[in-house]
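A.B. asks: prediction below, plus the sequence it came from.
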Amino acid sequence: MRFIGLDVGNGSIGMCIRPSYGRVQTDIYPSAYAVYDNTLLNVSTGQRTKKQPNVFTFDNTDYVLGSDVRLAGAKAINAYDREDRYNRPQFQTLTKLALLDAATKNGSTGVIEVELALGTPAEDYRVAVTEELNRWFEAPVVGYKNQQRVEVHVKRLEIASQPIAVLMDSYLDDWGFVSNEELENMKVLVIDSGSGTLDFSEFDGMNLIKQVSAGIGMNDVYQDILNVIRSEFPKVRADVFELEAQLRECDDSDTKYFKYGQMGERDITPIYKKAMDEAWERMLGAIGVNFPDRFHLDKVILAGGTGQAFAKYYRSFMSDIEIPVRPDLSIARGLCKQVLANTAFPITP
């Protein structure tokens, strides 16, 4: 049995996998997939890559997922509206491909049984959405990974709102046991910094009492940078998917570059800093409007796909803010811990 927390967001897919014994595996990559064509070239270098992507066959079509979309030089399918995405067949395909990937992370194929937890934005945590998600997994998810047959049986499905999952990440240990009882009597604000939105969820004694969303996110930063690149180099293929992938490669450096073709390279550090500063000013405005008096809060937790990118901004504003290790994986970890907490399957800590 595998216990999986799967956070399929608009910007990234986070996953946390716990076998009934053994170590936890985590991964995160862009929330995108593409039809696979092995004759295409890598879009960044213009050359055929030596590294081969993982290829998933699902409904008689070959796909690549996440970062492998760029590796394969394929055209990403990643434009999902926040609203109505659960009614889109593309989003269902993306979620099932992500489950096939998560279930086979340790190299297993064949029949695999899992207990699965999925996260939804708080405003989507309603009966119609949970019923739809349950329908997706009534039958096994059957496909192939690199020509090896995989059949994933979801033996139990849990669905939780993403802010609850962040809270569970802080409340439970890696095996689903309570390790932070003080949260039960605290007023906590969860800030979910995502690609498209900044979501605030206030809890009082583990009960959600306030939910606010602002249309500010990393996509604003990307768009500002792309506007400059396109104005300077109109013939360069520049899109959010490619820009984000290259910025992730610069995560450990203060200098940010955008590479195009085989020879071109642009230092975008000042553009990046300006765009980040402007996005942060808008975030500050949203915090000030919605939580003018933050002193009644006992704890503030930062999470989300772009939480790490804005971490230093939040620390300069709230020195005592709690930023978990890899805040971009906090939702997936919390979902995995929650499904472990509620399982009847014997596990070995």
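C.D. replies: Thanks, I have it.
A.B. asks: going along the chain, name the helices of the stretch 101-250 of the chain.
C.D. replies: 127-136, 162-171, 218-232, 240-249 (DSSP state H, counting those that start in this stretch).
A.B. asks: rank those helices by mean pLDDT and give me the bottom one.
C.D. replies: Note on those: helix 240-249 shows the lowest mean pLDDT, a mean of 84.
A.B. asks: tell me the phi and psi of the closest residue to Lys145 other than its chain neighbours?
C.D. replies: Nearest non-adjacent residue to Lys145, counting by Cβ to Cβ, 6 or more residues apart in numbering: Thr104, 5.2 Å away. Where you see a C-beta, it was placed from the backbone N, CA and C, and this is true even at glycine. When read as degrees, to the nearest 10, the backbone of Thr104 gives phi -110, psi 20.
A.B. asks: next, work out how far apart Thr104 and Ile112 are.
C.D. replies: To Ile112, Thr104 is 7 Å away according to Cβ to Cβ, to the nearest Å.
A.B. asks: Ile28 contacts Gly11, doesn't it?
C.D. replies: No: with contact defined as Cβ atoms under 8 Å, Ile28 does not count as touching Gly11 (10.1 Å).
A.B. asks: any stretches of the protein with poor pLDDT?
C.D. replies: 40-50, 78-83, 261-263, 348-349 (pLDDT under 70).
A.B. asks: burial measure for Ser316, as a count.
C.D. replies: 10 (other Cβ atoms under 10 Å).
A.B. asks: what lies in contact with whichever strand or helix holds it?
C.D. replies: Take DSSP states H and E as the rule and Ser316 turns out to sit in helix 311-317. With Cβ atoms under 8 Å, 6 or more residues apart in numbering as the test, helix 311-317 has contacts from 191, 276, 280, 283-284, 287, 302, 321, 323, 327.
A.B. asks: again, only using 7 Å
C.D. replies: 280, 302, 321, 323 (Cβ atoms under 7 Å, 6 or more residues apart in numbering).
A.B. asks: how about stretch 210-227?
C.D. replies: By Cβ under 7 Å, 6+ apart, stretch 210-227 touches 11, 122-123, 194-202, 238, 240, 243-244, 268, 271-272, 275-276, 279, 282-283, 286, 290, 306, 309.
A.B. asks: if we can go back for a sec, what comes up buried for the helix holding Ser316?
C.D. replies: The neighbour-count check on helix 311-317 (16 or more other Cβ atoms under 10 Å) flags 313-314 as buried.
A.B. asks: following it in sequence, what is the next regular element?
C.D. replies: Next along from helix 311-317, by DSSP H and E: helix 330-341.
A.B. asks: on that earlier part again, who wins for neighbours among the contacts of helix 311-317?
C.D. replies: Busiest of the contacts of helix 311-317 [other Cβ under 10 Å] is Leu302, holding 24 neighbours.
A.B. asks: kind regards, and thank you for your time.
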